[in-house]
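> A structural model of the following input is requested.
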Amino acid sequence: MRSKTSVRRRAAIVPFVVATLASAAIIATGGGCGESKRAEDSFLPSWQAGATRSAIEAFVARTTDPSSPDFVPERDRIAVFDNDGTLWAEQPNYVQLAFIVDRVRALEGAHPQWASTEPFASVLRGDMRAVAAQGEPGIAALVGATHGGMTSDEFRQTVRAWLATSRHPGTGRRYLDMAYRPMLEMLAYLRAHGYRTFVVSGGGVDFVRAFAEELYGIPGDQVIGSTARLRLEVRDGVPVVVKTGEIEFVDDGAGKPVSIESRIGARPRMAFGNSDGDFEMLAWTTAGDGPRMGVIIRHTDAEREWAYDRESSVGHLARALDEAPARGWVVVDMSRDWIQVWP
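Got it, this is the predicted structure:
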């Protein structure tokens, strides 16, 4: 029997499927320019008409038109997207960190020593500043304690169960309902024009794979992220892959181009990010030959979401913003360019 969550998620995808079919029908019947423009409108209804949207549409048009000198064969149409702050909300803390905090609290009874052991004591006190001050060693300890020992299947099931009910502390929305509607539209729009879409996240790859296909329409094999060491065990006579909890690779900053190259084996044509952690991914993408595009999602909307960039410890954006004009990157101003933020 289908869950209510699955039914709602599939219902949310229906408008994108309809838009795809409408576009295909226009192409098949040789529709004119006016009809083509209406098809584009149906794909991106939450994007304000203007320079930003026009720049993206123009790039997609010229890279998918066989008569264009910038035509890109479908096999080479690759678009990569950061996750936190680009596809869904990341304030006041990353969603995976909220998951870790709840896991620590859920496991507290079996680990009484955590009440006086850092970084667990700070988590249990709700002092996230103290947790952040402990840096990568603190995060590594939390990941090891909350992720390690589970099989890959058990971990995905745990994440999905948590996401089904957990809500953002500020908006009261489920985290699954805090993906940005304009970005869901963008994913569908690019796929309808032959682009393969990948998530390239600083978050854990197994965490993002637990929801990426349902939420974004991106299958697990098109999700790239930070990784933990795995090992094969035989439990009750059945081979299983187990998460050790030891961090193997952090997919952030300079790690993103490395992971894209190792996983995809090709330089993307389009890259979308929102922070300086995405700088190298955008720089590497747009340094390639032929048509390339870098896009930065800038959080400027304190009324509907949050306004932050240079002063924020989460989603810090300074260098990428400063260098965007010279590098020809498109900067999406959320308050100006998005008609609607949430689904």
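> hmm, who's touching stretch 284-297?
For stretch 284-297, the external contacting residues (Cβ atoms under 8 Å, 6 or more residues apart in numbering) are 55-56, 59, 62-63, 70, 72, 80, 85-86, 180, 183, 256-257, 260, 267-274, 278, 282-283, 317, 320-321, 324, 327-332, 334. (Each C-beta comes from the backbone N, C-alpha and C, glycine too.)
> avg pLDDT for it?
Averaging pLDDT along stretch 284-297 gives 98.
> quick revisit: just the buried residues of the contacts of stretch 284-297.
Buried by 16 or more other Cβ atoms under 10 Å: 56, 59, 63, 72, 80, 85-86, 180, 183, 256-257, 260, 267-274, 278, 282-283, 317, 320-321, 324, 329-332, 334, out of these.
> okay, and which of these map to strands?
Mapping those onto strands (DSSP state E) picks out 80, 270-273, 330-332.
> ok, the residue minimising distance to the centre of the chain - contacts?
Central residue of the chain (Cα atoms, centre = their mean): residue 83, 1.8 Å from the mean position. For residue 83, the contacting residues are 199-203, 208, 225, by Cβ under 8 Å, 6+ apart.
> what's the local residue count around residue 128?
By other Cβ atoms under 10 Å, the residues close to residue 128 number 16.
> same check on residue 243?
By other Cβ under 10 Å, neighbour count at residue 243 equals 22.
> do residue 265 as well
Residue 265 sits with 7 neighbouring residues when counted by other Cβ under 10 Å.
> does it sit in a helix, a strand or a coil?
Under the three-state scheme (DSSP: H, G, I helix; E, B strand; the rest coil), residue 265 adopts coil.
> please tell me how far it sits from residue 78.
Distance of residue 265 to residue 78, computed by Cβ to Cβ, to the nearest Å: 10 Å.
> was I right about residue 317 contacting residue 307?
No - between residue 317 and residue 307 there is no contact under Cβ atoms under 8 Å: 11.4 Å.
> overlap in contacts, the two.
In contact with both residue 317 and residue 307: residue 299, using Cβ under 8 Å, 6+ apart.
> which stretches of this protein aren't confidently modelled?
For the chain, applying pLDDT under 70 flags the ranges 1-41.
> rerun at 90
Across the chain, the ranges flagged by pLDDT under 90 are 1-42, 128-129, 132-133, 135-136, 139, 245.
> and the residue lying farthest from the centre of it, its phi and psi?
What lies farthest from the middle of the chain is residue 237; by Cα atoms, centre = their mean that is 36.8 Å. The phi and psi values for residue 237, taken as degrees, to the nearest 10, are phi 80, psi 0.
> hang on, the earlier thing: nearest to residue 229 among the ones in strands among the buried ones among the contacts of stretch 284-297?
Closest approach to residue 229 among those (Cβ to Cβ): residue 80, at 24.6 Å.
> what bridges to the closest one?
On the basis of DSSP bridges, residue 80 is bridged to residue 198, residue 271.
> quick check: it vs residue 163, distance?
For residue 80, the distance to residue 163 (Cβ to Cβ) stands at 23 Å.
> how about residue 187?
19 Å.
> who has more neighbours out of the two?
residue 187 (23 against 19).
> could you count how many residues lie near the residue nearest to that one when sequence neighbours are not counted?
Nearest non-adjacent residue to residue 187, counting by Cβ to Cβ, 6 or more residues apart in numbering: residue 197, 5.2 Å away. Using other Cβ under 10 Å, residue 197 has 23 neighbouring residues.
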